[in-house]
Structure formats: C-alpha cells, structure tokens
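Chemist: Next come a sequence and a model predicted from it.
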Amino acid sequence: MVPDSDGGFVGSGNSNLCVYDVAFHPTAPGRILFAMADCGVKTSADGGRSLKSMPGASFGSNQWVFTAAFDPDDPERFWQVFGCWDWLVGGIAGTYFLESRDFGRTCVDVTVKDDGSVIPPPTMKDFKKGLVNTLLVDPRSPDDQRRFVAAHSLADRLSVTDGTSLGGAGLSANGSEGIKISEDGGKTWTASNSGLNPQNLNVVHMVADPRNFDVLYAAVFLRMKAGKPISGRLYRSSDSGRFWSRLDGLPLSNVSSVVILADGTLFVSGGYGTTSGKTWDDNGGVYRSKDGGATWQQLLAAPCVPCVAVNPADPNRIYCTVDAGGWPALRNYSVKGSGVWRSTDAGATWRRVNRGLTTPFRFTFLRFNPHVPGELWLGTFGSGWYRTVDTGN
C-alpha cells in the first residue's frame, strides 16, 4: 500500500474494517497500532501492510477499542482500554485495561493456556463501558506508576452525522463518564469532571499542549435532551485535567476533533446534522485560534466535520473530513459534498480531494504520520483505512 505521489488516496484493501484510530510508534517508523471495532488492537511492523492480533487480547468476540497510547519513555510499551461486548460467546464480557511491554506479543497479567484459551485480568470496575476515545500518558509520572488521563463517551465522531451512540440510546442518553484519571498505573480511576456540564459528559477527543502537559483541551459532543440540544463545546484544563473551563468564545456548539500545533495554535472541527436534514448546526466547520482559545476564526463552513488535521511541516496545509449527513436544502455552506477537503492557503480556499476513496463518508480519524513527512492517514467505519501524501501541490 504505497500512496500516490500526486496526492491520491490508497486503501488498505480491508473494505469491511472499522478503524477508530492509529498510534504511531515513537521511534520505529513502520510500527503502528490499529484500534478497531470487533477486532480490538492490532499491531503492524511494516507500516500497515500486514496486521497481527494480540495473543493475550483475544478472549472473545466484539472487542472494541477506540485508542491506544505508547509509553513516552519505553516505545515497546503501550496501553489500551479494552471493551469486550461478547454477546456471541458469553462469560467474559467486560472492560479491561491492558498493557503490553513487547509491542503486542504478550499482555501483562493475561494468561494464555496451553490449549490457546485466555484468562483475562480482572475487569475494570471504574468504567461502565470501555469506550475511551483518548488515553493520555503523563510523561512526568514515574515509569512504574504511570498517570493516565482518559476521555470517555458513549458516542464517537460518527455521531456528528447520525446522532446515534454506541450505547444504543442515541445522544439523548448521558451514560458517558467524561474525564477519568488514574494515578496508580491504571489500577483505579476517579472522575475528574469539575467544570464540565454534568448533563453532558460526551468527551470524544482530548489533546495535551506539547509544551506543557498541564494544559489539556477536551472536545464535547452535543447532547439532545427532550428534543433540545445541550451544548458540547471545547473545554480547557490548566492543571492536567483536574478542573475544566469552557471556552465560550468558540461559536461551535458541537466539537468533535482538536489539533494543537507546537506553537500552541488550536484547530477544532465539528457541527451536527441528521441524515434527514431536519437538524443542523449553522456554525459547523473548522475553526482556528492563535491565542489559546480566546478568539476564533472560522476557516470552513460545513454542517458535519468529524476530523481535522494540519501538516506539522506547513500549518497552511489543512485537511478535514466532511461527512454525508446533514445537508439541508438552501443552506449556503462553503463546501458542497462529503469527503476529504484540503486547503493549501491556511483555510482561505478549499478543494475536495476524494480520489481513491471507496466511500467518502463515515470518517473516524485523520492523522499525519510523524515519521514520514506529509503522509496522511484516514480511518473509516466499515471501509478500512487509507493513506495519501501531501505533496505541496
């Protein structure tokens, strides 16, 4: 799977896979973690050309993992919050916090018996369901007692389009658990939602300022209650996730994705629209802030923008995904049509770049590979993943 040199997308050949996220190995360019629906986490040592299941994490079917996180000091070590919804086999359903110290060859505290069956670790009692969209590792914490900050939600980024949730009750339910923190290497977790709206804890994305881990940003999805929306918006923490403040200057009420550059510039995306076209967010799209979220500039107007990515080598080159739902008639959005959109002039103009995509909608992540300049990865729910190269054209 080699991306085109002129910027077209090349697919993985796995047209039925639901890939929620990828995590790139800190030092080895070819090593990648794939977080998936049904398949849990799979590892690749060859840049995604082939995938391997984790032998110690195969206890059942319907293994849902939204994300995985590498140790900042030990690149072979990573963690995942593993949700097993095993309605097919039974007996092992639950939420587990899994650690590997050898890039997925084995899992800590998991026993693989001679007959191939697996004895999992104790279930996590502090999470009702293993739908952790972001897992951050505090690089300042001790190696043997890592500190984690997790963002939990019953919804994922696809809910921007269809208004549903993985919990089954749609965005009318508030079963999301918001922000949780572990100070003991993942053994126990406590809620850290001070400052968040208690009626809406759908935290679907979170990033840390690369200059200071005390500064975190959390994206909160819109929640519907009795047919009325409860705003999501963007929140900021200045104490590493213990307290949160809403950034009221952002016009976007439903935030799904956050990017923060090395200089602190923020980009967010979001919006909301139903497939029937009866509900939409006229402030949806892509926004940028150069002052820590005090003021914002809208770069793109579109009802449903699940993901945004910025080329770290050239912040004028911005990509976003526009999903298929929520295209109400007679709305004057600056883009018309779903798929991947690109700006090469800092958001002044945009062009749709869908060549090579099998289905240009239902997007889950958009991420630049830190090891390959200009290489952009795209995930979908049900159509595998894709790569392209941002060539500068």
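Modeler: Thanks, I have it. Numbers count the residues shown, from 1 in each chain.
Chemist: list the buried ones in stretch 21-38?
Modeler: Neighbour counts using 16 or more other Cβ atoms under 10 Å place 21-26, 31-37 of stretch 21-38 among the buried residues. (Each C-beta comes from the backbone N, C-alpha and C, glycine too.)
Chemist: Revised request: answer the last question for stretch 127-145.
Modeler: Buried-residue list, stretch 127-145, by 16+ other Cβ under 10 Å: 127, 129-138, 141.
Chemist: a markdown table for those residues, including secondary structure?
Modeler: Formatted as a markdown table, the buried residues of stretch 127-145 follow (DSSP: H, G, I helix; E, B strand; the rest coil):
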| residue | secondary structure |
| --- | --- |
| 127 | coil |
| 129 | coil |
| 130 | coil |
| 131 | coil |
| 132 | strand |
| 133 | strand |
| 134 | strand |
| 135 | strand |
| 136 | strand |
| 137 | strand |
| 138 | coil |
| 141 | coil |
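Chemist: For these, name the two members farthest from one another.
Modeler: 129 and 141 (25.6 Å; Cβ to Cβ).
Chemist: how near is residue 185 to residue 74?
Modeler: 13 Å (Cβ to Cβ, to the nearest Å).
Chemist: higher neighbour count, the two?
Modeler: residue 185 (17 against 11; other Cβ atoms under 10 Å).
Chemist: so what pLDDT did that one get?
Modeler: Listed pLDDT for residue 185 reads 95.
Chemist: Distance check, it against residue 295.
Modeler: From residue 185 to residue 295 the distance is 40 Å (Cβ to Cβ).
Chemist: likewise residue 136?
Modeler: From residue 136 to residue 295 the distance is 26 Å (Cβ to Cβ).
Chemist: The stretch 101-250 of the chain: strands as residue ranges?
Modeler: 111-112, 118-119, 132-137, 148-152, 178-182, 190-191, 203-209, 212-220, 223-225, 228-230, 233-237, 245-246 (DSSP state E, counting those that start in this stretch).
Chemist: Backbone dihedrals for residue 362, please?
Modeler: phi 60, psi 60 (degrees, to the nearest 10).
Chemist: Now it: closest residue in space, sequence neighbours ignored.
Modeler: residue 381 (4.5 Å; Cβ to Cβ, 6 or more residues apart in numbering).
Chemist: so where is the stretch 51-200 of the chain shaky, pLDDT-wise?
Modeler: By pLDDT under 70, the weakly predicted segments of the stretch 51-200 of the chain are 56-62, 86-91, 116, 160-171.
Chemist: Please enumerate the helices of it.
Modeler: Ranges of helices in the stretch 51-200 of the chain, per DSSP state H, counting those that start in this stretch, are 159-162.
Chemist: Quick check: residue 297 touching residue 285?
Modeler: No. The pair residue 297 / residue 285 is not scored as a contact, 10.8 Å apart, by Cβ atoms under 8 Å.
Chemist: quick one, which of those two is more surrounded?
Modeler: residue 285 (27 against 11).
Chemist: List the contacts of the more buried one.
Modeler: If a contact means Cβ atoms under 8 Å, 6 or more residues apart in numbering, then residue 285 has 252, 269-271, 298-302, 305, 333-334 as its contacts.
Chemist: which of the residues you listed lies closest to residue 154?
Modeler: residue 270 (17.1 Å).
Chemist: Give the full set of residues in contact with the closest one.
Modeler: 160, 219, 232, 252-257, 281, 284-285, 305-306.
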